[in-house]
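Peer 1: Predicted model follows, preceded by the sequence.
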Amino acid sequence: MSAAPLPEPLEPVVLPAGPVRLRPWREDDVDEVWTAFQDPDIRLWNGGGVASRTDALVLLGRRLDWSSGDHASWALVEPGRDDVVLGSVSLHSIDRFHGGASVGYWTAPAARGRGLAAVAVDAVCRWAFATLPIERVELCHAVENTASGRVAEKAGFTREGRLRRSYRYGDGATHDELLWSRLADDPAPGLSSRS
Ligand SMILES: CC(C)(COP(=O)(O)OP(=O)(O)OC[C@H]1O[C@@H](n2cnc3c(N)ncnc32)[C@H](O)[C@@H]1OP(=O)(O)O)[C@@H](O)C(=O)NCCC(=O)NCCS
């Protein structure tokens, strides 16, 4: 059996995606990130490890450095307003041997309800399938997080099953999760945002 391919450094890229622009994170986004992590839903579903502004800075440091080749992470911003962070999307656990990766995201409370998370996840999948040796993107969310399930559905993912007590979320409890995937040759979703 041949050796697994080593991760290759990735070059940060900007992805325009209609009503939203995906740009690499910058160190001066720290206040926007820390503000976002005051939101109870982000703390619960994304924020287990971000309890202080310093934690936010550490998270940002990891997200803006793509050199490990195992993730690609973007801030969602309004086109033409680079400084206002609307959300976050990250393709992580990039595995060139198995041809897979996972996606995670949040949107700031004021940006919700415009369909931006699904547009961003779709843009990341298209980029990944065109650029990386990736055939499958996975998405997991707690069963109780129905809004996240809607994002998966709208971004063209297929629900595969339920993972029992599979992940410890920000409330300290392990939750059952729903597992979804999108394959490179799945039909692309017909997305329209409500912006
Ligand atoms: C889940 C989340 C990313 C959705 O982002 P979004 O950009 O608002 O996505 P959408 O506009 O497509 O809305 C998705 C669903 O959120 C719900 N929603 C809509 N407007 C909302 C609002 N103002 N506030 C909260 N939820 C809302 C609806 O159920 C909607 O489904 P619908 O399109 O069938 O009505 C966002 O609510 C969020 O960041 N939540 C907290 C963190 C989180 O859950 N992250 C994902 C972890 S897996």
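Peer 2: Received the coordinates, thanks. Numbers count the residues shown, from 1 in each chain.

Peer 1: For the rest of this, base every contact and every neighbour count on C-alpha atoms.
Peer 2: OK.

Peer 1: Can you name the element that comes right after the longest helix seen in the chain?
Peer 2: Counting by DSSP state H, the longest helix found in the chain is helix 116-131. The helix or strand immediately downstream of helix 116-131 is strand 136-142, counting by DSSP states H and E.

Peer 1: Run me through the strand neighbours of that next one, direction for each.
Peer 2: strand 100-107 (parallel), strand 174-183 (antiparallel) (DSSP bridges).

Peer 1: Now do the buried residues in the longest one.
Peer 2: When you say that, I think you mean strand 174-183. With burial defined by 16 or more other C-alpha atoms under 10 Å, the residues of strand 174-183 counted as buried are 175-183.

Peer 1: which other residues reach it?
Peer 2: Strand 174-183 has contacts (C-alpha atoms under 8 Å, 6 or more residues apart in numbering) with 125, 135-143, 152, 156-169.

Peer 1: can you pull out the helices in this protein?
Peer 2: Using DSSP H, helices in the chain cover 30-36, 40-45, 53-64, 116-131, 146-154.

Peer 1: In ChimeraX, how would I select just the buried ones from the contacts of strand 174-183?
Peer 2: A single ChimeraX command selects the buried members of the contacts of strand 174-183 (16+ other C-alpha under 10 Å):
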select :125,135,136,137,138,139,140,141,142,143,152,156,157,158,159,162,163,167,169
